[in-house]
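[1] Have a look at this prediction, sequence included:
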Amino acid sequence: MPPRWPRKPDRKDPDFRKLDDRMNFAFHVAVAATVNSGLWFFHILKTTSWEWLTPLTLGWVGVILLHLIYISAIANYDQTPPKST
């Protein structure tokens, strides 16, 4: 069942922005897990010599950790979002 929002969704609403950022993070983790597990599955199954697979996985994990740090510590969910220049 999809999450329900009790009012009209608006990116100016801090609660909605926080929920939206967390759903984007969950989607990012799901895509990374799907792609990486598929690549590792075929790498092990076919005994390929993909030297690029480990750096790709570590890089993606790094990006996910940066994304997590952003949504948990850096993102500002105050009432009025800062103006972009």
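    Thanks, I have the structure now. Nothing here was measured: the structure is a model prediction, and the numbers come from that model.
[2] which other helices and strands contact the longest helix along the chain?
    Scanning the chain for the helix with the most residues, using DSSP state H, yields helix 14-45. Packing partners of helix 14-45 (3 or more CB pairs under 8 Å, 6 or more residues apart in numbering; DSSP states H and E): helix 53-69. All C-beta atoms are positioned from the backbone trio N, CA, C, and that covers glycine.
[3] buried set for the helix it packs on?
    Buried residues in helix 53-69, defined by neighbour count with 16 or more other CB atoms under 10 Å: Thr57, Trp60, Ile64, His67.
[4] other SSEs contacting that helix?
    Using 3+ CB pairs under 8 Å, 6+ apart, helix 53-69 sits against helix 14-45.
[5] so where's this structure uncertain?
    Counting by pLDDT under 70, the ranges of the chain that qualify are 1-3, 80-85.
[6] could you redo the last one with a cut-off of 90?
    For the chain, residues meeting the criterion pLDDT under 90 lie at 1-20, 46-50, 72-85.
[7] do you know how far Lys46 is from Gln79?
    Separation of Lys46 from Gln79 (CB to CB, to the nearest Å): 54 Å.
[8] What of Phe27?
    Where Gln79 is concerned, Phe27 sits at a distance of 26 Å (CB to CB).
[9] These two - which one has more neighbours?
    Higher neighbour count among Phe27 and Gln79: Phe27, with 10 against 7, using other CB atoms under 10 Å.
[10] Just want to check the distance between the more buried one and Arg7.
    According to CB to CB, Phe27 stands 23 Å off from Arg7.
[11] go on, Phe42?
    Remark: distance between Phe42 and Arg7 (CB to CB) = 45 Å.
[12] More neighbours: these two, which one.
    Comparing Phe42 with Arg7 by other CB under 10 Å, the one with more neighbours is Phe42, at 12 against 8.
[13] Tell me, how many residues neighbour the nearest residue to the more buried one once chain neighbours are set aside?
    Spatial nearest neighbour of Phe42, excluding adjacent residues (CB to CB, 6 or more residues apart in numbering): Thr48 at 7.2 Å. Neighbourhood size, Thr48 [other CB under 10 Å]: 11.
[14] Repeat that for Arg22.
    Per other CB under 10 Å, the neighbour tally for Arg22 reads 13.
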